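Asks: generate a structure from the sequence data that follows.
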Amino acid sequence: MDVELEDAVARIFLNRPEKANALNSAMLSALAAALESLDLATLRVVVIAGRGRNFCGGADASELKGLDAQTAPMFVTRIHEVCKVIRALPVPVVARLHGAVIGAGLEIAAACDLRVAAEGTRFSMPEVRLGIPSVVEAALLPRLMGSGRAAWLVLTGEAIDARRALDWGLIEEIGPGDALIGKLVSNDQQALRMQKQLLQLWEEAPLATSIAASIERFAHSYRGKRT
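Replies: All right, here's what the predicted structure looks like:
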């Protein structure tokens, strides 16, 4: 796992290019450790990307073949734990995608706050072709794309390209994402952190709870300011 720090931006690279950055247990542990070791005091943005020709080829096929009823839950829980760490980061997380974005790799991308992709990127959730369902953070896909489009991905196992992913709402932009990252860095740090908290609350809480929390956060942003 490679980590680069520059101008309040942490860039974390999946670095197993000879295996299309496929995720095994060791790689998942290394990614979680890299995320948890970030110094968040001055950080504005985290970017997750991949070395080589692909962002992520999904879960490591050789490890999947060796799973049984006892080890399978442990392996898939490791994927969830990485996604949970991503969502718990107080700063915006951008997935910078290219090449293949498959299975567990797409779940990691879905756990990020924003997604940008290079032209030609391909997205798929092929688990049903392997005799297993798409699980854990695949549950975020209906919220990003709508239930019908998410169902198309996980029930057919077919791939979509970056243009369709943009049309379907799976990604926010086609391109390198530099301008987007620059905009995030230029925004007020505390406001960004509060906004991320609210976005996640809006996903999960009842409307009345979300509005009440929004009012409290709005008032909080004025504490200490002179009138």
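Asks: which residue ranges make up the domains of this protein?
Replies: Split into domains by automatic domain parsing, the chain comes to 2-181, 188-220.
Asks: now those as JSON lines including mean pLDDT and mean neighbour count?
Replies: C-beta coordinates here come from the backbone N, C-alpha and C atoms, glycine included. Listed next are the domains of the chain as JSON lines, based on pLDDT from 0 to 100; neighbours: other C-beta atoms under 10 Å:
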{"stretch": "domain 2-181", "mean pLDDT": "97", "mean neighbour count": "18"}
{"stretch": "domain 188-220", "mean pLDDT": "94", "mean neighbour count": "13"}
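Asks: tell me where the protein has strands.
Replies: For the chain, the strands defined by DSSP state E cover 2-6, 9-14, 45-50, 93-97, 100-102, 114-117, 122-124, 160-161, 173-174.
Asks: export those as CSV, with columns for distance to residue 206.
Replies: Converted to CSV, those look like this (distance: least, C-beta to C-beta, whole Å):
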stretch, distance to residue 206
strand 2-6, 38
strand 9-14, 34
strand 45-50, 29
strand 93-97, 26
strand 100-102, 33
strand 114-117, 25
strand 122-124, 31
strand 160-161, 33
strand 173-174, 31
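Asks: and the ones you listed: which comes nearest residue 82?
Replies: Ranking those by proximity to residue 82 (C-beta to C-beta) places strand 45-50 first, at 9.9 Å.
Asks: elements contacting the closest one?
Replies: Applying 3 or more C-beta pairs under 8 Å, 6 or more residues apart in numbering; DSSP states H and E, one finds that strand 45-50 makes contact with strand 9-14, strand 93-97, helix 104-111, helix 178-186.
Asks: now with 7 Å?
Replies: strand 9-14, strand 93-97, helix 178-186 (3 or more C-beta pairs under 7 Å, 6 or more residues apart in numbering; DSSP states H and E).
Asks: residue 205: which of those is closest?
Replies: Comparing the helices and strands packed on strand 45-50 by their distance to residue 205 (C-beta to C-beta), the top pick is strand 93-97, with 20.6 Å.
Asks: now the angle between strand 45-50 and that closest one, please.
Replies: On the basis of axes from the mean of the first three to the mean of the last three C-alpha atoms, to 10 degrees, strand 93-97 is oriented at 30 degrees to strand 45-50.
Asks: got the contact list for strand 93-97?
Replies: 45-49, 55, 86, 109, 112-118, 121, 177, 180-181 (C-beta atoms under 7 Å, 6 or more residues apart in numbering).
Asks: in its sheet, what does it sit against?
Replies: Under the criterion DSSP bridges, strand 93-97 sits next to strand 45-50 (parallel), strand 114-117 (parallel) in its sheet.
Asks: so what touches stretch 177-197?
Replies: Identification of contacts with stretch 177-197 by C-beta under 7 Å, 6+ apart yields 7-9, 44-45, 47, 90-92, 94, 96, 113-114, 116, 173, 217, 221.
Asks: now do the contacts for the nearest residue to residue 165 once chain neighbours are set aside.
Replies: Take residue 165 and drop its neighbours on the chain: the residue closest to it by C-beta to C-beta, 6 or more residues apart in numbering is residue 171, 4.7 Å away. Counting by C-beta under 7 Å, 6+ apart, residue 171 touches 115, 116, 117, 162, 165.
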